Each structure stands twice: as structure tokens, then as C-alpha cells.
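Trainee: below is the sequence, then the predicted model.
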Amino acid sequence: MTRIHTDPSARRRIVSLLKTLAPVEGYNLTALPDVRFLRSNRPLGRTPVLYDPGIVIVCQGRKRGFLGDTVYVYDAQHYLAVSVPVPFSMETEASEAEPLLAIYFRLDFNVAADLMLQIDEHAGSAPAAPRGMMSTPLDARLGGSVLRFLEAMSVPLEAGLLGPALVREIYFHVLTGEQGGSMRAALTAQGQFARIARVIRKIHACYREPLDVEQLALEANMSLPSFHSHFKSVTQTSPMQYLKSTRLHQARLLMVRNEVTAAVACVQVGYESASQFSREFRRLFGRTPVEEAERMRRSFAVPPPAPDSIFVASH
């Protein structure tokens, strides 16, 4: 498969544009609410993350995601596509001399659904197993779309008027690419995958509320053993571990964005015991809530949440 790195001039142009568009370390907001540019000037050791459904295109540097026994590499030759929120761990290769530069597209389900309908009408839909997360080679056609997108985003008038159409073009290449069938199957959400996806949405909508595995199995209309098995096949974790991870990620974001104390965040995400919250937070992130919030503030400029976003990932 032809990849973007076969055209060094295009790659250099992409990196040059993105360096300008992402001048500060962390998230750089854009004229489009669902698109952010990311810059990291230092390596990041393996850390827990939770990604919103979307597409991550790394133009310089490298990230590795670890989910179960699978390693997902996303770099200048591979992009990452996420169809359902999955907690995993991630590490970053970057330096001052060669910062990590990436584009994050938070998935617009309306745009994706419209495209999938038209793709199926014109090309049909070959059977494919749905997947929650996938790393795919970035071919020359998608690379060309990324270059045109960054050129448009560099001009304010073009960013607002042409940007959305170019985002749609990038979606098209992802949905028809090497693993586009798995992505479309996941977003269409049929069968057992659909039931688990519905439970995941329930968890993110109601994580502050008391939830137990029996309620979640009922939401999926499955027996407890079947629910456990299918949930783990999608997320590589148990339902209650997933709920716990969601609450702790949300607590971290509350402390960083809203500057609330650990005690307030603990209550707001549904914990009744402050000691249990602190213990489980440290087990997940390797630091106390105060230490981790300080690290996040130092390392990244964390943007405000997108409208109706269930959460924003720490990329």
C-alpha cells in the first residue's frame, strides 16, 4: 500500500503547517469545534487514557496504545480510529527537536451516518466484524486530504468555509479504507456489539449515579455471564472496571478544567468514600489526585469540553 512517507515533500509540508497551527504544547483549538491540533515536546510514559470516538492522525512522532494483548501504533504512517470509548494505556515518542504533532477529529456521528448511507448505496456493504479501536496504514489519498485540510486551516476564511467539506473527505477515506468496513459495522452498531455500545453510552451518561452490573446487563438485555463475556470482548475489561475508569477519568478532568478539589471531584463522579476514591485513583494513574492534576496542568493546555461531549480524552 502506498503511504504518505513515500512523498517526503508532502510530509515536510504537513509538518511545517502543523507546527504553525499548533504553536503551544497541548491542545490547540481550531475554527472547527470537533477538530483540535496537538503538540507534545516531550516523551510521555505509559499512562491511562480514554478516547472519545474519533480519528487521530499523527503527522510527526509516534504513539502506541496498549489494549489487552494488542499494541496499536499511530504515527506518520498509521492513523487511529475509535468507534466506541475504550480505556487503554498510551505512550508517546516526542522531543523538543521533533515534537509530536497530531490532528484529533472528534467523530461527528451525523456526518459519518450520512456518508455511510451513501457508501452503502453506491458500493454495497461487505460483511465485517465491528471493532472499537483500530490502527490503519495511512495511504497517499488520505495523506493528500490531510495536506489540503491543513492548508485550508491555515487561512481563516478557508478554515470556516472549506474546512467542514475537507473533514468530510477525510471521513470518507477512513470509512472506505483498509478497516473502513469494521468502522462502519461498529458505528452502525448491530447485534451483540450494538448492545454493548448501548451500555457504554449509558455508563457515560449516568456515571454519577449508582450503577451495578445487574442494571447494565438488563440494559443490554443479556444474562450476566453473556453480558460479562461480550463486554470484555469489546473493551478488554469488566463492566464495573470500565465504570470505575470512566469515573476516575472524569474526576481528573474536573480537577484540571474546573479546578475543583479532589474531595469535590470524588462526590461529583459518584464516589461515596473519599478514601476509596483516592486509593483507586492512585492505582489507575500512579499518583495522588492532587499530583496528577498538577502534572496535567503542567503538561497540557486542556480545552473546555466540546458541546454534548461525553468526555474528552487525554491524548
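Mentor: In hand now; what should we look at?
Trainee: what about the helices in the protein?
Mentor: With DSSP state H, the ranges of helices along the chain come out as 8-21, 109-123, 140-153, 156-161, 163-175, 180-188, 191-206, 213-220, 224-235, 239-257, 262-268, 274-285, 289-299.
Trainee: can you put the ones you listed in a markdown table and add mean pLDDT, mean neighbour count and distance to residue 50?
Mentor: For glycine as for every other residue, the C-beta is placed from the backbone atoms N, C-alpha and C. As requested, these are exported to a markdown table (pLDDT from 0 to 100; neighbours: other Cβ atoms under 10 Å; distance: least, Cβ to Cβ, whole Å):
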| stretch | mean pLDDT | mean neighbour count | distance to residue 50 |
| --- | --- | --- | --- |
| helix 8-21 | 94 | 16 | 24 |
| helix 109-123 | 89 | 13 | 18 |
| helix 140-153 | 96 | 20 | 25 |
| helix 156-161 | 97 | 13 | 28 |
| helix 163-175 | 97 | 19 | 21 |
| helix 180-188 | 88 | 22 | 17 |
| helix 191-206 | 89 | 18 | 9 |
| helix 213-220 | 94 | 17 | 18 |
| helix 224-235 | 92 | 17 | 11 |
| helix 239-257 | 94 | 22 | 5 |
| helix 262-268 | 96 | 18 | 16 |
| helix 274-285 | 95 | 16 | 10 |
| helix 289-299 | 86 | 17 | 13 |
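Trainee: residue 96 is nearest to which of those helices?
Mentor: helix 8-21 (12.3 Å; Cβ to Cβ).
Trainee: would you agree residue 7 is in contact with residue 140?
Mentor: Yes. Assessed by Cβ atoms under 8 Å, residue 7 is found in contact with residue 140 at 6.9 Å.
Trainee: out of the helices of the chain, nearest to residue 37?
Mentor: Of the helices of the chain, nearest to residue 37 by Cβ to Cβ is helix 8-21, at 4.9 Å.
Trainee: off-centre distance for the closest one?
Mentor: On the basis of Cα atoms, centre = their mean, to the nearest Å, helix 8-21 sits 23 Å off its chain's mean C-alpha point.
Trainee: ok, stretch 26-37 next?
Mentor: Distance, stretch centre to chain centre, for stretch 26-37: 14 Å (Cα atoms, centre = their mean).
Trainee: just stretch 228-237 next, same as before
Mentor: With Cα atoms, centre = their mean, you get 18 Å for stretch 228-237.
Trainee: and that stretch, C-alpha only, in PDB?
Mentor: Extracted C-alpha coordinates of stretch 228-237, given in PDB (Å, rounded to 0.1, in the frame of the first residue of the first chain):
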ATOM      1  CA  HIS A 228     -19.600 -10.100  31.000                       C
ATOM      2  CA  SER A 229     -18.300 -12.100  28.100                       C
ATOM      3  CA  HIS A 230     -19.400  -9.700  25.400                       C
ATOM      4  CA  PHE A 231     -18.500  -6.500  27.300                       C
ATOM      5  CA  LYS A 232     -14.900  -7.800  27.800                       C
ATOM      6  CA  SER A 233     -14.600  -8.800  24.100                       C
ATOM      7  CA  VAL A 234     -15.300  -5.100  23.200                       C
ATOM      8  CA  THR A 235     -13.500  -3.200  25.900                       C
ATOM      9  CA  GLN A 236     -10.900  -5.700  27.300                       C
ATOM     10  CA  THR A 237     -12.200  -5.000  30.800                       C
END
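Trainee: for residue 235, give its distance to residue 246.
Mentor: Distance of residue 235 to residue 246, computed by Cβ to Cβ, to the nearest Å: 11 Å.
Trainee: so what's in contact with the two at the same time?
Mentor: Contact criterion Cβ atoms under 8 Å, 6 or more residues apart in numbering; residues shared by residue 235 and residue 246: residue 87.
Trainee: against residue 86, how distant is the residue nearest the centre of the chain?
Mentor: Centroid-nearest residue in the chain: residue 51, 2.9 Å away (criterion: Cα atoms, centre = their mean). For residue 51, the distance to residue 86 (Cβ to Cβ) stands at 7 Å.
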